[in-house]
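Any chance you can model this:
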Amino acid sequence: MTGSYPNTRLRRTRASGWSRSLHRETLITPADLIWPLFVTEGSGVEDPIGSLPGVSRWSVDGIVARAKEAVELGIPVVALFPNTQPDRRTDDGAEAHNPDNLMCRAIRAIKDACGDDIGVLTDVALDPYTSHGQDGLLDDKGYVTNDDTVAVLVDQAINQAEAGADIIAPSDMMDGRIRAIRMALEMGSHHNVQIMSYAAKYASAFYGPFREAVGSGGLLKGDKKSYQMDPANSDEALREVEFDLAEGADSVMVKPGLAYLDIARRVKDAFGVPVFAYQVSGEYAMIEAAAAAGAGDRDALVLETLLAFKRAGCSGVLTYHAPVAARLMLG
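Numbering: from 1, shown residues only. Prediction:
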(Lines give C-alpha, C1' and ligand atoms only; values in the text may rest on other atoms or scores of the structure.)
Protein backbone atom coordinates (compact mmCIF):
# COMPACT_ATOMS: atom_id res chain seq x y z
CA MET A 1 0.00 0.00 0.00
CA THR A 2 1.33 3.42 -0.95
CA GLY A 3 0.08 6.86 -0.09
CA SER A 4 1.39 10.24 0.91
CA TYR A 5 0.05 13.34 2.58
CA PRO A 6 -1.92 15.37 1.52
CA ASN A 7 -3.17 13.16 -1.34
CA THR A 8 -4.01 10.62 1.33
CA ARG A 9 -5.60 11.90 4.51
CA LEU A 10 -6.63 8.94 6.66
CA ARG A 11 -8.83 11.21 8.75
CA ARG A 12 -11.15 11.93 5.81
CA THR A 13 -13.20 8.78 6.38
CA ARG A 14 -13.37 9.44 10.13
CA ALA A 15 -14.73 12.98 9.84
CA SER A 16 -18.45 12.15 10.21
CA GLY A 17 -20.63 9.48 11.76
CA TRP A 18 -22.10 8.23 8.49
CA SER A 19 -18.63 7.80 7.03
CA ARG A 20 -17.31 5.94 10.08
CA SER A 21 -20.28 3.58 9.78
CA LEU A 22 -19.66 3.07 6.09
CA HIS A 23 -15.99 2.19 6.54
CA ARG A 24 -16.33 0.13 9.71
CA GLU A 25 -14.44 -3.16 9.28
CA THR A 26 -15.90 -5.13 12.18
CA LEU A 27 -19.50 -5.41 13.32
CA ILE A 28 -21.06 -7.10 16.33
CA THR A 29 -24.74 -7.91 16.73
CA PRO A 30 -26.86 -9.76 19.31
CA ALA A 31 -26.51 -12.84 17.07
CA ASP A 32 -22.82 -12.97 18.08
CA LEU A 33 -23.60 -13.42 21.78
CA ILE A 34 -24.05 -16.42 24.06
CA TRP A 35 -25.58 -15.70 27.49
CA PRO A 36 -24.22 -17.79 30.41
CA LEU A 37 -26.88 -18.48 33.08
CA PHE A 38 -26.63 -20.05 36.53
CA VAL A 39 -29.34 -22.48 37.63
CA THR A 40 -30.29 -23.11 41.25
CA GLU A 41 -32.94 -25.10 43.11
CA GLY A 42 -36.34 -23.80 44.10
CA SER A 43 -39.15 -21.87 42.48
CA GLY A 44 -39.32 -18.13 41.95
CA VAL A 45 -35.69 -17.81 43.10
CA GLU A 46 -33.40 -14.98 42.07
CA ASP A 47 -30.21 -15.22 44.11
CA PRO A 48 -27.76 -12.34 43.38
CA ILE A 49 -24.08 -13.30 43.16
CA GLY A 50 -22.02 -10.93 45.28
CA SER A 51 -18.87 -10.97 43.17
CA LEU A 52 -20.84 -10.59 39.92
CA PRO A 53 -22.94 -7.42 40.25
CA GLY A 54 -26.09 -7.72 38.15
CA VAL A 55 -25.81 -11.50 37.76
CA SER A 56 -27.99 -13.96 39.68
CA ARG A 57 -28.63 -17.63 40.12
CA TRP A 58 -32.13 -18.44 38.88
CA SER A 59 -34.47 -21.31 39.60
CA VAL A 60 -35.66 -23.21 36.54
CA ASP A 61 -38.72 -20.98 36.04
CA GLY A 62 -36.45 -17.93 36.07
CA ILE A 63 -34.08 -19.56 33.61
CA VAL A 64 -37.01 -20.07 31.22
CA ALA A 65 -37.88 -16.38 31.57
CA ARG A 66 -34.28 -15.45 30.75
CA ALA A 67 -34.34 -17.73 27.70
CA LYS A 68 -37.49 -16.00 26.45
CA GLU A 69 -35.77 -12.66 27.04
CA ALA A 70 -32.82 -13.86 24.97
CA VAL A 71 -35.15 -14.78 22.10
CA GLU A 72 -36.69 -11.30 22.20
CA LEU A 73 -33.23 -9.70 22.14
CA GLY A 74 -31.96 -11.83 19.25
CA ILE A 75 -29.43 -13.72 21.39
CA PRO A 76 -29.25 -17.17 19.75
CA VAL A 77 -27.85 -19.33 22.56
CA VAL A 78 -27.95 -19.57 26.35
CA ALA A 79 -25.26 -21.49 28.25
CA LEU A 80 -26.28 -23.28 31.46
CA PHE A 81 -24.23 -23.85 34.62
CA PRO A 82 -25.75 -25.51 37.70
CA ASN A 83 -25.27 -24.60 41.35
CA THR A 84 -25.68 -28.11 42.72
CA GLN A 85 -26.84 -28.42 46.31
CA PRO A 86 -24.09 -29.49 48.76
CA ASP A 87 -25.89 -32.70 49.74
CA ARG A 88 -25.84 -33.82 46.09
CA ARG A 89 -22.09 -33.32 45.66
CA THR A 90 -19.96 -36.42 45.97
CA ASP A 91 -16.36 -37.44 45.29
CA ASP A 92 -17.46 -39.15 42.05
CA GLY A 93 -19.84 -36.39 40.87
CA ALA A 94 -22.65 -38.91 40.39
CA GLU A 95 -25.31 -36.17 40.24
CA ALA A 96 -24.00 -35.30 36.76
CA HIS A 97 -25.62 -38.52 35.51
CA ASN A 98 -29.01 -37.92 37.14
CA PRO A 99 -31.55 -37.39 34.31
CA ASP A 100 -33.54 -35.15 36.66
CA ASN A 101 -30.66 -32.97 37.84
CA LEU A 102 -30.77 -29.18 37.70
CA MET A 103 -29.13 -28.99 34.29
CA CYS A 104 -31.48 -31.49 32.67
CA ARG A 105 -34.59 -29.92 34.17
CA ALA A 106 -33.51 -26.51 32.91
CA ILE A 107 -32.77 -27.85 29.42
CA ARG A 108 -36.18 -29.51 29.15
CA ALA A 109 -37.98 -26.45 30.49
CA ILE A 110 -36.29 -24.12 27.99
CA LYS A 111 -36.99 -26.45 25.09
CA ASP A 112 -40.63 -26.89 26.15
CA ALA A 113 -41.06 -23.11 26.33
CA CYS A 114 -38.95 -21.93 23.39
CA GLY A 115 -38.43 -24.92 21.10
CA ASP A 116 -35.90 -24.24 18.38
CA ASP A 117 -36.14 -20.47 18.81
CA ILE A 118 -33.02 -20.70 20.96
CA GLY A 119 -30.05 -23.00 21.32
CA VAL A 120 -29.02 -24.50 24.66
CA LEU A 121 -25.32 -24.98 25.38
CA THR A 122 -24.40 -27.17 28.34
CA ASP A 123 -21.20 -27.39 30.32
CA VAL A 124 -19.58 -30.82 30.59
CA ALA A 125 -17.23 -31.04 33.57
CA LEU A 126 -17.55 -32.44 37.06
CA ASP A 127 -16.65 -29.41 39.19
CA PRO A 128 -20.31 -28.41 39.81
CA TYR A 129 -20.97 -31.94 41.09
CA THR A 130 -17.87 -32.99 43.03
CA SER A 131 -17.36 -32.48 46.74
CA HIS A 132 -13.70 -31.56 46.09
CA GLY A 133 -14.35 -28.96 43.35
CA GLN A 134 -12.12 -30.55 40.72
CA ASP A 135 -13.28 -31.15 37.14
CA GLY A 136 -12.63 -34.89 37.32
CA LEU A 137 -12.13 -37.94 39.49
CA LEU A 138 -9.24 -38.11 41.95
CA ASP A 139 -6.86 -41.00 42.56
CA ASP A 140 -5.57 -41.86 46.04
CA LYS A 141 -2.86 -39.19 45.70
CA GLY A 142 -5.30 -36.42 44.80
CA TYR A 143 -4.34 -36.36 41.11
CA VAL A 144 -7.16 -35.81 38.62
CA THR A 145 -7.27 -38.98 36.54
CA ASN A 146 -7.77 -38.70 32.79
CA ASP A 147 -9.31 -41.84 31.31
CA ASP A 148 -11.61 -42.63 34.23
CA THR A 149 -12.82 -39.03 34.15
CA VAL A 150 -13.46 -39.20 30.40
CA ALA A 151 -15.76 -42.19 30.89
CA VAL A 152 -17.84 -40.20 33.37
CA LEU A 153 -17.88 -37.12 31.11
CA VAL A 154 -19.29 -39.23 28.28
CA ASP A 155 -22.20 -40.30 30.49
CA GLN A 156 -22.75 -36.67 31.52
CA ALA A 157 -22.78 -35.50 27.90
CA ILE A 158 -25.27 -38.17 26.82
CA ASN A 159 -27.49 -37.32 29.79
CA GLN A 160 -27.60 -33.70 28.64
CA ALA A 161 -28.13 -34.59 24.97
CA GLU A 162 -31.07 -36.80 25.87
CA ALA A 163 -32.57 -33.90 27.85
CA GLY A 164 -32.45 -31.77 24.68
CA ALA A 165 -29.10 -29.94 24.72
CA ASP A 166 -28.12 -28.51 21.34
CA ILE A 167 -24.42 -27.89 22.03
CA ILE A 168 -22.27 -29.96 24.35
CA ALA A 169 -19.36 -27.88 25.66
CA PRO A 170 -16.69 -29.93 27.47
CA SER A 171 -14.76 -27.56 29.73
CA ASP A 172 -12.70 -30.12 31.65
CA MET A 173 -9.55 -30.24 29.47
CA MET A 174 -9.08 -34.01 29.76
CA ASP A 175 -7.18 -35.61 26.86
CA GLY A 176 -9.33 -37.56 24.41
CA ARG A 177 -12.71 -36.51 25.71
CA ILE A 178 -13.92 -34.99 22.44
CA ARG A 179 -13.47 -38.22 20.50
CA ALA A 180 -15.16 -40.25 23.24
CA ILE A 181 -18.13 -37.88 23.47
CA ARG A 182 -18.48 -37.63 19.68
CA MET A 183 -18.52 -41.42 19.32
CA ALA A 184 -21.12 -41.75 22.07
CA LEU A 185 -23.33 -39.07 20.50
CA GLU A 186 -23.15 -40.82 17.13
CA MET A 187 -23.94 -44.21 18.66
CA GLY A 188 -26.87 -42.65 20.50
CA SER A 189 -28.27 -41.14 17.28
CA HIS A 190 -27.57 -37.60 18.50
CA HIS A 191 -26.09 -36.78 15.11
CA ASN A 192 -26.97 -33.08 15.12
CA VAL A 193 -25.79 -32.29 18.63
CA GLN A 194 -22.81 -29.98 18.29
CA ILE A 195 -19.63 -30.04 20.33
CA MET A 196 -18.07 -26.69 21.21
CA SER A 197 -14.82 -27.67 22.82
CA TYR A 198 -13.09 -25.59 25.47
CA ALA A 199 -9.98 -26.39 23.46
CA ALA A 200 -7.68 -23.74 24.92
CA LYS A 201 -8.75 -23.25 28.51
CA TYR A 202 -6.07 -21.73 30.72
CA ALA A 203 -5.40 -22.12 34.44
CA SER A 204 -6.38 -18.52 34.98
CA ALA A 205 -6.76 -16.15 37.91
CA PHE A 206 -9.92 -14.72 36.30
CA TYR A 207 -12.31 -17.53 37.33
CA GLY A 208 -12.95 -16.62 40.97
CA PRO A 209 -16.49 -15.21 40.71
CA PHE A 210 -17.62 -18.16 38.55
CA ARG A 211 -16.54 -20.63 41.21
CA GLU A 212 -18.61 -18.71 43.74
CA ALA A 213 -21.57 -18.80 41.35
CA VAL A 214 -21.53 -22.59 40.96
CA GLY A 215 -20.57 -23.19 44.59
CA SER A 216 -17.25 -24.91 43.94
CA GLY A 217 -14.81 -22.21 45.02
CA GLY A 218 -14.83 -22.99 48.73
CA LEU A 219 -14.60 -26.71 48.02
CA LEU A 220 -11.63 -26.69 45.67
CA LYS A 221 -8.65 -28.59 47.02
CA GLY A 222 -5.42 -27.62 45.29
CA ASP A 223 -5.47 -26.09 41.81
CA LYS A 224 -6.24 -27.14 38.23
CA LYS A 225 -2.82 -26.66 36.69
CA SER A 226 -2.33 -30.35 35.87
CA TYR A 227 -5.07 -30.18 33.23
CA GLN A 228 -5.81 -26.54 32.38
CA MET A 229 -3.21 -24.80 30.24
CA ASP A 230 -0.23 -22.76 31.41
CA PRO A 231 -0.91 -19.05 30.68
CA ALA A 232 2.64 -18.79 29.32
CA ASN A 233 1.93 -21.13 26.39
CA SER A 234 0.66 -20.23 22.95
CA ASP A 235 1.92 -22.96 20.59
CA GLU A 236 0.42 -25.58 22.88
CA ALA A 237 -3.02 -24.06 22.31
CA LEU A 238 -2.74 -24.84 18.60
CA ARG A 239 -1.95 -28.46 19.40
CA GLU A 240 -4.98 -28.68 21.69
CA VAL A 241 -7.24 -27.18 19.02
CA GLU A 242 -5.88 -29.46 16.31
CA PHE A 243 -6.55 -32.55 18.43
CA ASP A 244 -10.10 -31.49 19.31
CA LEU A 245 -11.01 -30.71 15.71
CA ALA A 246 -9.65 -34.07 14.57
CA GLU A 247 -11.69 -35.77 17.29
CA GLY A 248 -14.99 -34.23 16.22
CA ALA A 249 -15.42 -30.72 17.64
CA ASP A 250 -17.63 -28.47 15.51
CA SER A 251 -16.23 -25.29 17.05
CA VAL A 252 -13.60 -24.38 19.62
CA MET A 253 -13.37 -21.96 22.50
CA VAL A 254 -10.59 -19.89 24.02
CA LYS A 255 -10.97 -19.13 27.73
CA PRO A 256 -10.45 -16.57 29.27
CA GLY A 257 -11.05 -13.90 26.68
CA LEU A 258 -9.45 -10.47 26.70
CA ALA A 259 -6.07 -11.58 28.03
CA TYR A 260 -5.95 -14.30 25.34
CA LEU A 261 -7.03 -12.50 22.17
CA ASP A 262 -3.69 -13.44 20.63
CA ILE A 263 -4.67 -17.10 21.05
CA ALA A 264 -8.05 -16.56 19.41
CA ARG A 265 -6.38 -14.88 16.42
CA ARG A 266 -3.75 -17.61 16.08
CA VAL A 267 -6.42 -20.33 16.18
CA LYS A 268 -8.56 -18.57 13.58
CA ASP A 269 -5.62 -17.97 11.26
CA ALA A 270 -4.33 -21.53 11.62
CA PHE A 271 -7.57 -23.47 11.24
CA GLY A 272 -10.25 -21.20 9.79
CA VAL A 273 -12.94 -22.76 11.98
CA PRO A 274 -15.58 -21.14 14.20
CA VAL A 275 -13.73 -19.79 17.23
CA PHE A 276 -15.54 -18.57 20.33
CA ALA A 277 -14.18 -16.83 23.40
CA TYR A 278 -15.50 -16.68 26.95
CA GLN A 279 -15.43 -13.25 28.55
CA VAL A 280 -15.15 -14.83 31.97
CA SER A 281 -16.47 -13.80 35.35
CA GLY A 282 -13.34 -11.95 36.44
CA GLU A 283 -13.37 -9.88 33.25
CA TYR A 284 -17.04 -9.02 33.75
CA ALA A 285 -16.41 -8.07 37.38
CA MET A 286 -13.49 -5.82 36.42
CA ILE A 287 -15.65 -3.86 33.97
CA GLU A 288 -18.40 -3.50 36.56
CA ALA A 289 -15.89 -2.38 39.21
CA ALA A 290 -14.29 0.14 36.85
CA ALA A 291 -17.67 1.62 35.98
CA ALA A 292 -18.74 1.75 39.64
CA ALA A 293 -15.50 3.58 40.50
CA GLY A 294 -16.06 6.14 37.75
CA ALA A 295 -13.03 4.91 35.83
CA GLY A 296 -14.95 4.35 32.61
CA ASP A 297 -18.34 4.40 30.96
CA ARG A 298 -19.90 0.96 31.43
CA ASP A 299 -21.80 0.81 28.16
CA ALA A 300 -18.78 1.94 26.15
CA LEU A 301 -16.51 -0.55 27.93
CA VAL A 302 -18.95 -3.40 27.27
CA LEU A 303 -19.27 -2.71 23.57
CA GLU A 304 -15.57 -1.99 22.99
CA THR A 305 -14.43 -5.20 24.66
CA LEU A 306 -16.96 -7.29 22.73
CA LEU A 307 -15.87 -5.66 19.49
CA ALA A 308 -12.29 -6.64 20.32
CA PHE A 309 -13.29 -10.31 20.32
CA LYS A 310 -14.83 -10.02 16.88
CA ARG A 311 -11.83 -8.10 15.57
CA ALA A 312 -9.58 -10.90 16.84
CA GLY A 313 -11.49 -13.39 14.68
CA CYS A 314 -14.11 -14.78 17.05
CA SER A 315 -17.42 -15.97 15.64
CA GLY A 316 -19.08 -15.19 18.94
CA VAL A 317 -18.60 -14.44 22.63
CA LEU A 318 -19.93 -15.94 25.83
CA THR A 319 -20.55 -12.97 28.09
CA TYR A 320 -22.58 -12.13 31.19
CA HIS A 321 -23.11 -8.74 29.59
CA ALA A 322 -25.12 -10.36 26.76
CA PRO A 323 -28.54 -8.80 27.56
CA VAL A 324 -27.01 -5.40 28.30
CA ALA A 325 -24.96 -5.49 25.11
CA ALA A 326 -27.89 -6.68 22.98
CA ARG A 327 -30.05 -3.79 24.16
CA LEU A 328 -27.26 -1.34 23.40
CA MET A 329 -26.83 -2.79 19.94
CA LEU A 330 -30.55 -2.67 19.24
CA GLY A 331 -30.70 0.98 20.31
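
What residues of the lowest-mean-pLDDT helix or strand in the chain count as buried?
For the chain, using mean pLDDT, DSSP states H and E, the weakest element among its helices and strands is helix 208-214, scoring a mean of 82. Buried residues in helix 208-214, counted by 16 or more other Cβ atoms under 10 Å: 208, 209, 210, 211, 212, 213, 214. The C-beta positions use only the backbone N, C-alpha and C, and glycine is treated the same way.

what do you get for stretch 157-168?
Neighbour count says stretch 157-168 has 157, 158, 159, 160, 161, 163, 164, 165, 166, 167, 168 buried, by 16+ other Cβ under 10 Å.

got any ranges where the stretch 101-250 of the chain has weak pLDDT?
Per-residue confidence of the stretch 101-250 of the chain (counting by pLDDT under 70) places the weak regions at 217.

residue ranges of the strands in the chain, please?
Here the chain has its strands, by DSSP state E, at 33-39, 46-48, 56-58, 77-82, 119-124, 167-170, 194-201, 251-255, 275-279, 316-319.

ok, the buried residues of stretch 157-168 vs residue 18, which is closest?
Proximity to residue 18 was ranked across the buried residues of stretch 157-168 by Cβ to Cβ; first place goes to residue 167, at 38.2 Å.

could you list every residue that touches that closest one?
With contact set as Cβ atoms under 8 Å, 6 or more residues apart in numbering, residue 167 has these partners: 77, 119, 120, 121, 122, 193, 194, 195, 196.

So what's the residue count around the third one?
Okay, so that is residue 120. For residue 120, the neighbour count with other Cβ atoms under 10 Å is 24.

How about the last one?
By the measure other Cβ under 10 Å, the count of residues near residue 196 is 25.

Is it in contact with residue 171, as I believe?
No - Residue 196 is not in contact with residue 171 according to Cβ atoms under 8 Å; the separation is 9.7 Å.

Averaged pLDDT, stretch 255-275. What do you get?
Averaged across stretch 255-275, pLDDT comes to 97.

For it, which residues meet the burial criterion?
Of the residues in stretch 255-275, those scored as buried under the neighbour-count criterion (16+ other Cβ under 10 Å) are 255-258, 260-261, 263-268, 273-275.

Distance from it to the middle of the chain?
Using Cα atoms, centre = their mean, to the nearest Å, we find the averaged C-alpha position of stretch 255-275 to lie 14 Å away from the chain's own average C-alpha position.

Can you get me the start-to-end distance on it?
Across its full length, stretch 255-275 reaches 11 Å end to end, with Cα to Cα, to the nearest Å as the criterion.

can you list the residues that contact that stretch?
Residues from elsewhere that reach stretch 255-275, judged by Cβ under 8 Å, 6+ apart: 171, 198-202, 204, 206-207, 231, 234, 237-238, 241-242, 245, 250-254, 277-280, 282-283, 305, 308-309, 312-317.

change it to 6 Å
Taking contacts as Cβ atoms under 6 Å, 6 or more residues apart in numbering, the residues outside stretch 255-275 that touch it are 198, 200-201, 204, 206, 237-238, 241, 251-252, 254, 277-280, 283, 312-315.

One more: stretch 302-317?
Taking Cβ under 6 Å, 6+ apart as the rule, stretch 302-317 contacts 26, 28, 32, 34, 261, 264-265, 268, 274-277, 279, 321, 325, 328.

how distant is it from the center of its chain?
Between the centre of stretch 302-317 and the centre of its chain there are 14 Å (Cα atoms, centre = their mean).

Please spell out which residues along that stretch are buried.
Those buried within stretch 302-317 under the rule 16+ other Cβ under 10 Å are 302-303, 305-310, 312-317.

Those residues into CSV, with extra columns for pLDDT?
Formatted as CSV, the entries for these read as follows, by pLDDT from 0 to 100:
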residue, pLDDT
302, 98
303, 98
305, 97
306, 98
307, 97
308, 97
309, 98
310, 98
312, 97
313, 97
314, 98
315, 97
316, 97
317, 98
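
Would you reformat the residues you listed as a markdown table and include distance to residue 149?
Converted to a markdown table, the buried residues of stretch 302-317 look like this (distance: Cβ to Cβ, whole Å):
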| residue | distance to residue 149 |
| --- | --- |
| 302 | 36 |
| 303 | 39 |
| 305 | 33 |
| 306 | 33 |
| 307 | 37 |
| 308 | 34 |
| 309 | 30 |
| 310 | 34 |
| 312 | 31 |
| 313 | 31 |
| 314 | 28 |
| 315 | 29 |
| 316 | 28 |
| 317 | 28 |
